[in-house]
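**Q** what shape does this take:
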Amino acid sequence: MAFYLQALRYRADQKLYHLQTPQSPIVRTSAYKKYCMDEYPTGTNAVIAVLSSTGYDIEDAMILNKSSLESGMFHGQIYQTETVHLSDQKSRSDGSQKYFRESNIERHRSIDSDGLPCVGQMGRSIFRIISRRNPVIGDKFSSRHGQKGVCSQLWPDIDMPFSEVTGMRPDLIINPHAFPSRMAVGMLLESIAAKVHSTGMVDQITSQPIKGQKRGGGICFGEIERDSLLAHEAAYLLHDRLHTCSDYHIAAVCSTCGSILTPSVIKPEKRVASAVKGLHPVRAPKVFCHASDTNKGMETVAMPYVFKYLAAELAEHKNDPPAKYLKLDPVPRGRISVKIIH
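**A** Numbering: from 1, shown residues only. As a prediction, the model looks like this:
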């Protein structure tokens with residue numbers, strides 16, 4: 001099912017399947033834009049989970065999110081054309097025609113109450129019948145790489161697996177064993193490439209999204225929106241809006257002195273391979289703390305970038321080393337304790 005023609009109202013195909021909400025793909029090839037494929041979209045984007053869930057996704061079977069289907073995903077229509085002969089079959093020999101009574105409704109003057117043309121119209125008449133075609137169990141779906149699957153179960157949104165970090169629920173579930181047996185490497189590459197999302201314009205100093213629609217900025221998320229999410233106890237959503245989608249930053253922290261400003265990344269030196277058989281393995285960059293004068297005990301912590309910017313601003317106005325003014329007390333992994341010394 002696709003959107004493969006523009007003159008839909010002027011066509012008289014016998015049967016035509018039409019996708020209701022086609023979408024442009026996230027990942028595309030160079031030939032896709034060259035041949036203007038967006039004018040005739042052929043599918044819908046969906047969130048796919050590749051995992052083994054119960055026994056309803058073995059082989060070619062897959063599980064669809066019932067809530068996504070009720071929201072309009074994969075919906076379509078069938079345009080079917082029927083030809084009706086107004087001539088009476090019994091009196092065809094003498095050439096007489098069968099007439100019908102005229103409708104009394106003003107807006108349906110050309111169509112009779114039984115759906116046929118009104119009195120005076122003879123010969124042939126073509127009607128177009130439009131019926132809905134929503135996904136049901138047993139329908140066959142396919143990706144752009146020919147990865148086919150049959151809908152085996154419709155599960156509500158509350159029964160679908162979800163991501164622990166983002167809370168996202170998939171639209172459909174496929175089995176991971178389908179990739180090696182079908183050798184659909186292109187679909188695997190497309191799925192990985194489609195996970196890269198653009199964050200838009202950010203400020204050069206704070207790394208936070210800029211404001212203003214003309215500049216490509218983000219939507220304002222202020223105190224009222226924050227209080228609304230707190231009232232609904234949506235902690236993960238609040239963390240996603242104010243941290244993950246804002247100025248997410250991974251910083252190095254020295255567990256010895258607790259500083260986030262003194263650790264710096266030291267790139268390894270380039271070495272020429274001495275052996276012909278193979279190259280040396282690539283070494284990861286080391287983190288060295290200038291305050292503790294060691295490279296041991298370095299941890300990585302996810303924090304807002306504006307927090308590190310604040311620490312740098314506080315340390316800039318002091319003559320002493322920055323480690324004396326902003327420290328992170330040694331705490332269990334996964335937590336941060338901030339202490340500012342005046």
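**Q** quick one: the strands in the stretch 201-342 of the chain?
**A** 248-254, 263-266, 286-289, 298-304, 326-328, 338-340 (DSSP state E, counting those that start in this stretch).
**Q** to residue 20, which of those lies closest?
**A** Evaluated over the strands of the stretch 201-342 of the chain, closeness to residue 20 peaks at strand 248-254, with 36.2 Å, by C-beta to C-beta. C-beta here means a position set from N, CA and C on the backbone, and glycine is covered the same way.
**Q** list the buried residues of that closest one.
**A** Under the neighbour-count criterion of 16 or more other C-beta atoms under 10 Å, strand 248-254 has 249, 251, 252, 253, 254 buried.
**Q** next one: stretch 194-207
**A** Result for stretch 194-207 [16+ other C-beta under 10 Å]: buried residues 202, 207.
**Q** contacting residues around it?
**A** 26-27, 208-210, 215-218, 245, 247, 249, 305-306, 309 (C-beta atoms under 8 Å, 6 or more residues apart in numbering).
**Q** and the least confident of the residues you listed?
**A** Among the contacts of stretch 194-207, residue 216 carries the lowest pLDDT, at 72.
**Q** show me what contacts that residue?
**A** 200, 201, 210.
**Q** so the first one is in which element?
**A** Element membership for residue 200 (DSSP states H and E) is empty, with no helix or strand holding it.
**Q** tell me the pLDDT of it.
**A** Model confidence at residue 200, given as pLDDT, is 73.
**Q** separation between it and residue 166?
**A** 18 Å (C-beta to C-beta, to the nearest Å).
**Q** nearest to residue 46, of the contacts of stretch 194-207?
**A** residue 26 (10.6 Å).
**Q** picking that back up, so which of the strands of the stretch 201-342 of the chain is the most surrounded?
**A** Each of the strands of the stretch 201-342 of the chain was scored by mean neighbour count; the highest is strand 326-328, a mean of 22, by mean count of other C-beta atoms under 10 Å.
**Q** what ranges do the helices span in the stretch 51-200 of the chain?
**A** Assigned helices in the stretch 51-200 of the chain, in chain order: 66-70, 178-182, 185-193 (criterion: DSSP state H, counting those that start in this stretch).
**Q** hmm, back to that, ok, which pair from the contacts of stretch 194-207 is furthest apart?
**A** 27 and 309 (34.0 Å).
**Q** between the buried residues of strand 248-254, which sits nearest residue 16?
**A** residue 249 (52.0 Å).
**Q** turn the contacts of residue 216 into TSV, columns for distance to residue 234.
**A** Compiled in TSV, the contacts of residue 216 are given as follows (distance: C-beta to C-beta, whole Å):
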residue	distance to residue 234
200	23
201	27
210	25
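**Q** looking at these, which is nearest residue 5?
**A** Closest to residue 5, out of all of the contacts of residue 216 and judged by C-beta to C-beta, is residue 200, at 35.0 Å.
**Q** count the neighbours of residue 54 for me.
**A** 11 (other C-beta atoms under 10 Å).
**Q** again, but for the one 10 residues further on
**A** Using other C-beta under 10 Å, residue 64 is surrounded by 26 other residues.
**Q** and residue 53, which of the helices of the stretch 51-200 of the chain is closest to it?
**A** Checked against C-beta to C-beta, the stretch from these lying closest is helix 178-182, at 13.3 Å.
**Q** which residues sit against that closest one?
**A** 50, 59, 60, 146, 147, 149, 184, 185, 187, 188.
**Q** repeat the analysis, applying 7 Å as the threshold.
**A** 147, 188 (C-beta atoms under 7 Å, 6 or more residues apart in numbering).
**Q** which positions in it come out as buried?
**A** In helix 178-182, counting by 16+ other C-beta under 10 Å, buried: 178, 179.
**Q** let's see it as PDB, backbone CA atoms only.
**A** This file holds the C-alpha atoms of helix 178-182, laid out as PDB (Å, rounded to 0.1, in the frame of the first residue of the first chain):
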ATOM      1  CA  ALA A 178      15.300 -13.000  11.000                       C
ATOM      2  CA  PHE A 179      18.500 -11.000  10.100                       C
ATOM      3  CA  PRO A 180      21.000 -13.900   9.600                       C
ATOM      4  CA  SER A 181      18.500 -16.200   7.900                       C
ATOM      5  CA  ARG A 182      17.200 -13.600   5.400                       C
END
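**Q** what mean pLDDT would you report for it?
**A** Helix 178-182 comes out at a mean pLDDT of 76.
**Q** repeat that for stretch 143-153.
**A** On average, stretch 143-153 scores 86.
**Q** how about the nearest residue to residue 215, chain neighbours excluded?
**A** residue 201 (6.0 Å; C-beta to C-beta, 6 or more residues apart in numbering).
**Q** next one: that neighbour from residue 239, what distance?
**A** 22 Å.
**Q** residue 149 now?
**A** 34 Å.
**Q** and those two? Which one has more around it.
**A** Using other C-beta under 10 Å, the more surrounded residue of residue 149 and residue 239 is residue 149, with 22 against 15.
**Q** for that one, what are its contacts?
**A** By C-beta under 7 Å, 6+ apart, the neighbours of residue 149 are 60, 61, 62, 141, 174.
**Q** out of those residues, which is nearest to residue 22?
**A** For the contacts of residue 149, the nearest to residue 22 is residue 141 (14.4 Å; C-beta to C-beta).
**Q** for the closest one, which non-adjacent residue is spatially closest?
**A** Using C-beta to C-beta, 6+ apart, the nearest residue to residue 141 is residue 149, at 5.5 Å.
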